[in-house]
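Participant: Pasting the sequence and the predicted model now:
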Amino acid sequence: MKTDQLIAALAADTKTVSRPINHQLWMAIVGGAIVAALIFVFGVGPRADLAAALETPRFLYKYVLTLSLLVSAFGLTLHLARPGAIPAGWLAALAIPPVLLIVSVIAEFFLVPSSAWAMNLVGKNSVVCLVVIPLLSAAPLAAVMWTLRDGAPTHPVLAGAAAGLVAAGIGATLYATHCQDDSPFFVAAWYGLAIMFVTIVGALLGARLLRW
Amino acid sequence: MAEVTREEEWSALMRAAIDGDEAAYRQLLESLSHGLRAAARRGFVQAGAPPNDVEDVIQETLLAVHLKRHTWDSSQPLGPWVRAIARHKLIDALRRRGRRIEVPIDTMLDFLAAEEPRNDLDRQDAQRLVNDLRGRQQVIVRAISIEGKSIREVAESLGMNDGAVRVALHRGLKALAAMHQKDHE
């Protein structure tokens, strides 16, 4: 086939165009979050003392961390879905949640007596945290990854990792509502591990699935 | 500045194309293919690769432009978006041919600056994978591209409705792009 002939075929296909990729990604994240929320409501559920917890800054701060992760990772993903350079600004924005976490960890060292440090770190249900965050992340990860396949990421591994962070942001936000461990020590260790796991899965999937 | 005008023209053509203007789309793809040809040949030469497969890279890039055009942010100029796709496909093509890429790709893809005159050698057939398309898809892609028929004509000759031909054409083009990818692995 000559190039002119290919162009004839492409032009004949003018009217078949996908929805803009950012719309698709919004639908993916909303759809994935809804599925994850349903799994959460029916399979996990909020902690019993939710009303009381909502009045404690430690509990609320978990949302600051997980939602800042979700927002910065999704902003990055929206850009990585298009061909082009890595968006430096959004990549830098990804540092916000870890910085906020480190600040809270340092604060915790001062606020809590050293005798309680180990207890706060180990927490009550670290294993559940490691299982449930990835579990709740699965649907959003699948939805965002599937949608990215219709995108044009020129950095597939990074795009996959960003999708993993988005999914983990959703999973961690939901899990935070169930989790009774609110110490930044616990969040740094166990949420951190779970989020890292989902991110690595995303990067590996990206390397395989996002080539075009 | 001529370049700025051309960038703006490209963006306007793509906007019209996404709204369904087939003539504008054809004009855009032709204009892009000329620029891409010059850039791709320069890329091959700079990487020390024989320029035989230049046409292949152009076609792959045009296919990608087509199938990924919903990833263009229409508030941005089209040129950088096309260049990013071309760069992606060129690097891919050179890597596949075992070339280490040491030259800055950005300079070789600065195809807005120069447009090489056409000659007949450029028009040679690229090795395409149309033959590997399945059944209906192959018939339809072949009729519309190589035989230059319209959707309507193909629909009539196959006793299908226009919509079904459109669907088969689109799937055929996607399959072509996927075959390229598979071919490379």
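Facilitator: Happy to help now that I have it.
Participant: list the contacts for residue B:179?
Facilitator: Contact analysis of residue B:179 by Cβ atoms under 8 Å, 6 or more residues apart in numbering or on different chains lists B:129, B:132. For glycine as for every other residue, the C-beta is placed from the backbone atoms N, C-alpha and C.
Participant: Quick check: which element contains it?
Facilitator: Following DSSP states H and E, one finds residue B:179 within helix B:162-184.
Participant: With residue A:26 instead?
Facilitator: Counting by DSSP H and E, residue A:26 is found in helix A:21-39.
Participant: after the lowest-mean-pLDDT helix or strand in chain B comes which helix or strand?
Facilitator: One helix or strand of chain B scores below all others by mean pLDDT, DSSP states H and E: helix B:105-108, with a mean of 54. Downstream of helix B:105-108, the first helix or strand assigned by DSSP H and E is helix B:135-145.
Participant: hmm, who's touching that following helix?
Facilitator: By Cβ under 8 Å, 6+ apart, helix B:135-145 touches A:1, A:5-6, A:8-9, A:12, B:130-131, B:133, B:149-151, B:153-154, B:157-158, B:165, B:168-169, B:171-173, B:175-176.
Participant: Tell me which other helices or strands the top helix by length along chain B touches.
Facilitator: In chain B, assigned by DSSP state H, the helix with the most residues is helix B:22-46. Packing partners of helix B:22-46 (3 or more Cβ pairs under 8 Å, 6 or more residues apart in numbering or on different chains; DSSP states H and E): helix A:3-12, helix B:2-18, helix B:54-67, helix B:78-96, helix B:105-108.
Participant: mean confidence for the longest one?
Facilitator: Average pLDDT, helix B:78-96: 90.
Participant: Do that helix and chain A come into contact?
Facilitator: Yes: for helix B:78-96 and chain A, the contact criterion (Cβ under 8 Å from any Cβ of the partner chain) is met by B:80, B:81, B:84, B:85, B:87, B:88.
Participant: my guess is the second one contacts residue A:85, does it?
Facilitator: Think residue B:81. No: contact status for residue B:81 versus residue A:85: not in contact, 11.4 Å apart, counting by Cβ atoms under 8 Å.
Participant: Between the two, which is the more surrounded one?
Facilitator: The neighbour comparison of residue B:81 against residue A:85 (other Cβ atoms under 10 Å in any protein chain shown) goes to residue B:81, with 24 against 10.
Participant: Grab the nearest non-local neighbour of the more buried one.
Facilitator: Excluding the flanking residues, the one nearest residue B:81 by Cβ to Cβ, 6 or more residues apart in numbering or on different chains is residue B:72, at 4.8 Å.
Participant: Would you enumerate the residues in contact with that neighbour?
Facilitator: A:82, B:14, B:78, B:81.
Participant: repeat for residue A:198
Facilitator: So residue A:198 contacts A:133, A:134, A:137, A:141, A:164, A:165, A:167, A:168, A:171 (Cβ under 8 Å, 6+ apart).
Participant: Okay, and it sits in which element?
Facilitator: Counting by DSSP H and E, residue A:198 is found in helix A:192-209.
Participant: again, but for residue B:160
Facilitator: Applying DSSP H and E, one finds residue B:160 in no helix or strand.
Participant: can you tell me how far it sits from residue B:88?
Facilitator: Distance of residue B:160 to residue B:88, computed by Cβ to Cβ, to the nearest Å: 35 Å.
Participant: Tally up the residues packed near residue B:146, please.
Facilitator: For residue B:146, using other Cβ under 10 Å, the count is 16.
Participant: Pick out the residue closest to the middle of chain A.
Facilitator: residue A:166 (2.4 Å; Cα atoms, centre = their mean).
Participant: correct me, but that one touches residue A:29?
Facilitator: Yes: applying Cβ under 8 Å as the test, residue A:166 and residue A:29 come out as touching, 6.4 Å apart.
Participant: Between the two, which contacts overlap?
Facilitator: Overlap between the contact sets of residue A:166 and residue A:29, as judged by Cβ under 8 Å, 6+ apart, is given by A:74, A:140, A:144.
Participant: For the helix or strand containing the first one, buried residues please.
Facilitator: Element membership of residue A:74 [criterion: DSSP H and E] is helix A:57-80. By 16 or more other Cβ atoms under 10 Å in any protein chain shown, the buried positions in helix A:57-80 come out as A:58-59, A:61-62, A:65-70, A:72-80.
Participant: So which residues make contact with the helix or strand following that helix?
Facilitator: Later in the chain than helix A:57-80, the nearest helix or strand by DSSP H and E is helix A:88-93. Here helix A:88-93 makes contact (Cβ under 8 Å, 6+ apart) with A:72, A:75, A:76, A:79.
Participant: Out of those, which is nearest to chain B?
Facilitator: Set against chain B, the nearest of the contacts of helix A:88-93 by Cβ to the nearest Cβ is residue A:79 (9.5 Å).
Participant: how close does the closest residue to the closest one other than its chain neighbours get to residue A:80?
Facilitator: Using Cβ to Cβ, 6+ apart and skipping the chain neighbours, the partner closest in space to residue A:79 is residue A:87 (4.1 Å). Distance, residue A:87 to residue A:80, by Cβ to Cβ: 7 Å.
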